[in-house]
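> show me the folded form of this:
(one chain, ligands or ions: 2)
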Amino acid sequence: MGDELIQILPGVPSAPVRPLGEACADVVDEGRHEAAANPLGRRFYLETIGCQMNVHDSEKVAGVLMGRGFEPVEDPEGADIILYNTCSIREKAVHKVFSRLGAIKKKHGDKIIGVLGCVAQQEGEKFFERAPQVSLVCGSASYSRLPELLDQLGAGNRRVTGLGLDTDECFETELTRRDNPFRAYLTIIEGCDKACSYCVVPTTRGPERSRAGDRILEECRRLVDAGYTEIQLLGQTVNSWRDSSALGLSFAGLLGRVAETPGVRRVRFTTSHPRDFTPDIVQAIDEHPALCDQIHLPVQCGSNAVLRRMLRTYAREEYLEKIDCIRRARREISISTDMIVGFCGETEADFDESLSLLDRVEYDQVFAFKYSPRPRTPAGGWVDDVPEEEKGRRLAELQERQRQIQIRRNHALIGREFEVLVEGHHPKLAQAVGRTTSNRVINFAGAEDDVGRYLNVRVTAAAPNSLVGERVTKE
Ligand code: SAM
Ligand code: SF4
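Ligands and ions are numbered 1, 2, ... in the order given. Now for the predicted structure:
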């Protein structure tokens with residue numbers, strides 16, 4: 001999903017480290033779970049600057065390191081190694097990484113500082129020139145090599161890199177530490193072959209690699225055994241997944257099989273690409289109660305002229321056919337999207353088409369962004385001709401239009417009853433926070449021991465981004 005978030009992995013695991021998958025081929029097998037004999041301190045601090053994919057990548061990184069005897073800590077002060085897992089989707093996120101590095105240099109210049117993820121992949125070895133305090137640069141396809149890279153630093157190497165992209169090791173990490181006690185993220189497809197003209201993902205995450213269906217189902221069973229009831233399947237284009245296993249499942253078939261895994265109560269998947277969005281996905285949602293009634297289907301823009309320049313491979317009309325298919329489902333499915341405003345050559349009339357698309361679809365949520373030119377993308381070489389101020393104005397107008405839609409849609413839910421999974425509580429307010437299968441957040445009177453339970457709640461009031469309710473489930 002498009003929202004940027006920053007998450008800091010806490011020092012004390014909120015959930016136990018769980019064994020998942022197999023060892024990766026190119027890591028030395030001996031002494032796998034023992035501290036390597038290097039003089040490096042082994043306490044690491046890991047901060048995520050990015051999307052859900054980055055958050056889950058950080059869970060894998062933490063798992064890999066903890067499996068080799070490294071110990072996570074809550075703040076840079078207590079760490080020997082400081083790692084940033086980064087996103088380069090927009091320039092703002094990249095700035096954030098460099099400003100974090102500037103601040104850390106002043107206080108922690110004597111420590112090992114490493115940059116992981118998309119910014120690392122994008123900058124490669126140039127990173128060492130731009131930020132000399134950094135001694136480790138590692139892209140997402142090479143995380144299983146991290147202990148080896150740290151050992152190389154311990155052995156006296158000043159700078160090390162892991163920048164290969166032609167691997168599917170990224171799926172089979174030995175250990176994954178999951179930080180959400182209820183929802184387990186599970187990557188089913190890495191990279192992207194779609195080549196949208198504005199996007200860095202194909203460069204930073206490499207070509208599409210699907211994980212085998214039988215391995216995904218095995219991991220699901222392990223996640224249930226570990227106590228998870230909600231599984232979120234992840235991929236930049238999750239529905240472009242193709243099965244290389246003997247099961248020969250379609251994406252919709254995989255959804256059905258995950259939903260049927262005994263013990264799984266909720267299954268989400270993100271992000272779907274409109275071109276590969278087929279009616280059997282909607283049919284699967286209708287047939288399997290565990291599949292959440294929520295679909296994130298990024299449109300990016302309402303104008304065909306802009307969609308063509310973006311190389312999105314569908315027209316507005318085709319996109320709307322997919323939306324109509326979702327609306328015809330027996331279940332009421334909530335729909336969210338991503339939109340970019342101010343792309344190269346976007347006229348006022350093009351922008352109006354994005355606004356009219358909001359009215360036509362009536363999304364439940366929209367993640368909107370100002371276009372940000374990225375290096376090594378086709379559009380990066382085009383004239384970025386919509387002025388920054390105008391991009392800001394269009395963004396604000398689009399967000400306000402969507403806010404009005406959400407007010408209307410959420411208001412219509414007052415009086416209705418929903419099952420929520422309680423994900424948290426505010427002790428001071430004596431309030432619990434639950435999430436519906438349609439991904440709506442409901443606040444209601446509750447206590448700590450409600451957390452982790454599935455309860456029924458009736459909506460009593462509505463705001464654009466959340467609801468207030470009262471508990472219906474009796475104690
Ligand atoms: N694969 C997904 C898809 O096809 O829509 C999106 C993945 S991307 C990580 C998340 C969102 O970031 C995109 O949907 C797009 O709206 C936004 N985005 C990507 N590149 C951008 C850019 N150069 N400037 C502004 N927003 C961008
Ligand atoms: Fe980027 Fe397009 Fe691939 Fe999504 S589909 S990750 S926007 S290139």
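
> for the residue most central in space within the chain, what are its contacts?
Taking CA atoms, centre = their mean, the centroid of the chain lies closest to residue 52, which sits 1.9 Å from it. Going by CB atoms under 8 Å, 6 or more residues apart in numbering, residue 52 touches 1, 185, 232, 234, 270. C-beta: built from backbone N, CA, C; applies to glycine.

> reformat those residues as a markdown table; add secondary structure and neighbour count.
Compiled in a markdown table, these are given as follows (DSSP: H, G, I helix; E, B strand; the rest coil; neighbours: other CB atoms under 10 Å):
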| residue | secondary structure | neighbour count |
| --- | --- | --- |
| 1 | coil | 18 |
| 185 | strand | 24 |
| 232 | strand | 20 |
| 234 | strand | 23 |
| 270 | strand | 24 |
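
> in these, find the pair that's most separated.
Largest separation among those by CB to CB: 1 and 185, giving 11.9 Å.

> circling back: between the contacts of residue 52, which is nearest residue 452?
For the contacts of residue 52, the residue nearest residue 452 by CB to CB is residue 232; the value is 16.5 Å.

> these two touch, right, the closest one and residue 268?
Yes - using CB atoms under 8 Å as the test, residue 232 is close enough to residue 268 to be in contact (4.4 Å).

> need the residues touching each of those two.
When contacts are counted by CB under 8 Å, 6+ apart, residue 232 and residue 268 are jointly contacted by residue 183.

> where along the stretch 101-250 of the chain do the strands fall?
112-117, 136-138, 160-162, 175-176, 183-187, 189-190, 209-210, 230-234 (DSSP state E, counting those that start in this stretch).

> by mean pLDDT, show me the worst of those strands.
Comparing those by mean pLDDT, the weakest confidence falls on strand 175-176, with a mean of 66.

> pLDDT averaged over the helix ranked longest in the chain - what is it?
Counting residues, the longest helix found in the chain (DSSP state H) is helix 388-411. Averaging pLDDT along helix 388-411 yields 97.

> show me what the next helix or strand after it is packed against.
Moving toward the C-terminus from helix 388-411, the first helix or strand encountered (DSSP states H and E) is strand 417-426. Based on contacts counted as 3 or more CB pairs under 8 Å, 6 or more residues apart in numbering; DSSP states H and E, the elements that strand 417-426 packs against are strand 431-435, strand 454-462.

> need the winner for burial among those strands.
Mean neighbour counts were taken over those using mean count of other CB atoms under 10 Å, and the top value, a mean of 22, falls to strand 431-435.

> returning to that earlier point: need the strands of the stretch 101-250 of the chain in CSV with distance to residue 83, can you?
CSV is the format used below for those (distance: least, CB to CB, whole Å):
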stretch, distance to residue 83
strand 112-117, 5
strand 136-138, 8
strand 160-162, 12
strand 175-176, 16
strand 183-187, 19
strand 189-190, 20
strand 209-210, 24
strand 230-234, 21
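
> out of those, flag the one nearest residue 62.
Evaluated over the strands of the stretch 101-250 of the chain, closeness to residue 62 peaks at strand 175-176, with 8.1 Å, by CB to CB.

> measure the closest residue to residue 464 other than its chain neighbours to ligand 1 for me?
On the basis of CB to CB, 6 or more residues apart in numbering, the spatially nearest residue to residue 464 that is not a chain neighbour turns out to be residue 406, at 4.3 Å. For residue 406, the distance to ligand 1 (CB to the nearest ligand atom, to the nearest Å) stands at 18 Å.

> try residue 365
In terms of CB to the nearest ligand atom, residue 365 sits 13 Å off from ligand 1.

> now do residue 286
Separation of residue 286 from ligand 1 (CB to the nearest ligand atom) stands at 24 Å.

> am I right that that residue falls within a helix?
Yes - the assignment for residue 286 by DSSP: H, G, I helix; E, B strand; the rest coil puts it in a helix.

> in contact with it, which residues?
Residues in contact with residue 286 (CB under 8 Å, 6+ apart) are 329-331.

> could you count how many residues lie near residue 193?
Counted with other CB atoms under 10 Å, the burial measure for residue 193 works out to 12 neighbours.

> just give me the neighbour total for residue 383.
The number of residues packed around residue 383, counting by other CB under 10 Å, is 9.

> SS state for it?
Judged by three-state DSSP, the three-state class of residue 383 is coil.

> state the pLDDT value of it.
At residue 383, the predicted lDDT confidence score is 97.

> ligand 2 contacts on the chain?
Taking CB under 6 Å from any ligand atom as the criterion, the neighbours of ligand 2 within the chain are 192, 194-196, 199, 201-202, 236-237, 273.

> give me that answer again for 8 Å
Proximity of the chain to ligand 2, by CB under 8 Å from any ligand atom, involves residues 192-196, 198-202, 205, 236-237, 271, 273, 298, 300, 311-312.

> so residue 392 touches residue 369, yeah?
No - judged on CB under 8 Å, residue 392 makes no contact with residue 369 at a distance of 11.5 Å.

> the two - which one has more neighbours?
When neighbours are counted by other CB under 10 Å, residue 392 and residue 369 differ, and residue 369 comes out ahead with 20 against 13.

> any idea of the angle the host helix or strand of the more buried one forms with helix 388-411?
Element membership of residue 369 [criterion: DSSP H and E] is strand 365-370. Here strand 365-370 points in a direction 180 degrees away from that of helix 388-411 (axes from the mean of the first three to the mean of the last three CA atoms, to 10 degrees).

> and strand 365-370, what does it pack against?
Other helices and strands packing on strand 365-370, by 3+ CB pairs under 8 Å, 6+ apart, are strand 334-341, helix 388-411.

> what pairs with that strand, parallel or antiparallel?
Paired with strand 365-370 in the same sheet, following DSSP bridges, are strand 334-341 (parallel).

> ranges for the helices of the chain?
All helices of the chain, identified by DSSP H, fall at 52-67, 91-108, 118-123, 126-130, 146-154, 201-205, 213-225, 251-260, 279-287, 304-310, 316-327, 348-361, 388-411.

> just checking, what packs against the fourth one?
Helices and strands touching helix 126-130, as assessed by 3+ CB pairs under 8 Å, 6+ apart, comprise helix 118-123.

> equivalent analysis for the longest one, please.
Secondary-structure packing of helix 388-411 (3+ CB pairs under 8 Å, 6+ apart): strand 334-341, helix 348-361, strand 365-370, strand 454-462.

> looking at the chain, which helix or strand is least sure?
Ranking every helix and strand in the chain by mean pLDDT, DSSP states H and E puts strand 18-19 at the bottom, with a mean of 24.

> how about the residues of the stretch 101-250 of the chain by ligand 1?
With CB under 8 Å from any ligand atom as the criterion, the stretch 101-250 of the chain comes near ligand 1 at residues 192, 194, 196, 198-201, 236-237.

> so can I have a markdown table of the residues you listed showing neighbour count and pLDDT?
Written out in a markdown table, the entries for these read as follows (neighbours: other CB atoms under 10 Å; pLDDT from 0 to 100):
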| residue | neighbour count | pLDDT |
| --- | --- | --- |
| 192 | 22 | 95 |
| 194 | 17 | 95 |
| 196 | 21 | 98 |
| 198 | 24 | 98 |
| 199 | 21 | 96 |
| 200 | 24 | 94 |
| 201 | 21 | 93 |
| 236 | 22 | 94 |
| 237 | 21 | 97 |
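
> just the closest of those residues to residue 433, please.
Of all those, residue 236 has the smallest distance to residue 433: 28.5 Å, by CB to CB.
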